[in-house]
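> The sequence and its predicted three-dimensional model are supplied below.
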Amino acid sequence: MKTNVSELLYRAMDASALRQRVIANNVANANTPGFKRSLVTFEEHVKEAMERRTIHTSPQALNPRIVADRSTSMRDDGNNVDLDQEMVLMSANGIKYQALTQQLSDRLSMMRYVINEGRR
């Protein structure tokens, strides 16, 4: 599998959308006793694949993964959701998603320009 920049942008957008759903689930369960927050890992896997130079041959490196955070507890009932942290993560993720969509839009606009100018 050859990974191009557009494919990586699509995968990053998918990971960001999944991250938004996971954060929303964390917020919804902030008062559930024993609930452990989850997080999405994606960028770490892409970085590792790039360092090993296997990003072109390892499609599983481009799949986001949901991981439970069992390392902490915010309350005596075992719940580890910090609403302030989750809201910051949600805002940062929204900004990241907007940046990804802008980058993809710019790439598509550039391709459209090249195609249209090539016809002349």
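Perfect, thanks for sending it. Residues are numbered from 1 along each chain as shown.

> sec struct for V40, please.
The three-state label given to V40 by DSSP: H, G, I helix; E, B strand; the rest coil is strand.

> Tally up the residues packed near D82, please.
16 (other CB atoms under 10 Å). Placement of C-beta: from N, CA and C, glycine included.

> Local confidence estimate at the residue nearest to A24 when sequence neighbours are not counted?
Leaving aside its chain neighbours, A24 sits nearest to M90 (7.5 Å; criterion: CB to CB, 6 or more residues apart in numbering). pLDDT, M90: 97.

> in the helix or strand where M90 lies, what's buried?
Remark: M90 resides in helix 83-118, with elements defined by DSSP states H and E. Within helix 83-118, the residues scored as buried using 16 or more other CB atoms under 10 Å are E86, L89, N93, K96, Y97, L100, L104.

> Counting by contacts, list what that helix packs against.
helix 5-28 (3 or more CB pairs under 8 Å, 6 or more residues apart in numbering; DSSP states H and E).

> quick one, the helix it packs on and helix 83-118 angle?
Angle, helix 5-28 to helix 83-118, by axes from the mean of the first three to the mean of the last three CA atoms, to 10 degrees: 160 degrees.

> How far off centre is helix 5-28?
In terms of CA atoms, centre = their mean, to the nearest Å, the centre of helix 5-28 is set 4 Å apart from its chain centre.

> which of the residues in that helix are buried?
Those would be 8-9, 11-13, 15-16, 18-20, 22-23, 26, for helix 5-28 by 16+ other CB under 10 Å.

> Would you format those residues as JSON lines with distance to T32 and pLDDT included?
Below are these laid out as JSON lines (distance: CB to CB, whole Å; pLDDT from 0 to 100):
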{"residue": "L8", "distance to T32": "35", "pLDDT": "86"}
{"residue": "L9", "distance to T32": "35", "pLDDT": "88"}
{"residue": "R11", "distance to T32": "31", "pLDDT": "91"}
{"residue": "A12", "distance to T32": "30", "pLDDT": "92"}
{"residue": "M13", "distance to T32": "29", "pLDDT": "95"}
{"residue": "A15", "distance to T32": "25", "pLDDT": "96"}
{"residue": "S16", "distance to T32": "25", "pLDDT": "97"}
{"residue": "L18", "distance to T32": "21", "pLDDT": "98"}
{"residue": "R19", "distance to T32": "20", "pLDDT": "98"}
{"residue": "Q20", "distance to T32": "19", "pLDDT": "98"}
{"residue": "V22", "distance to T32": "15", "pLDDT": "98"}
{"residue": "I23", "distance to T32": "15", "pLDDT": "98"}
{"residue": "N26", "distance to T32": "10", "pLDDT": "97"}
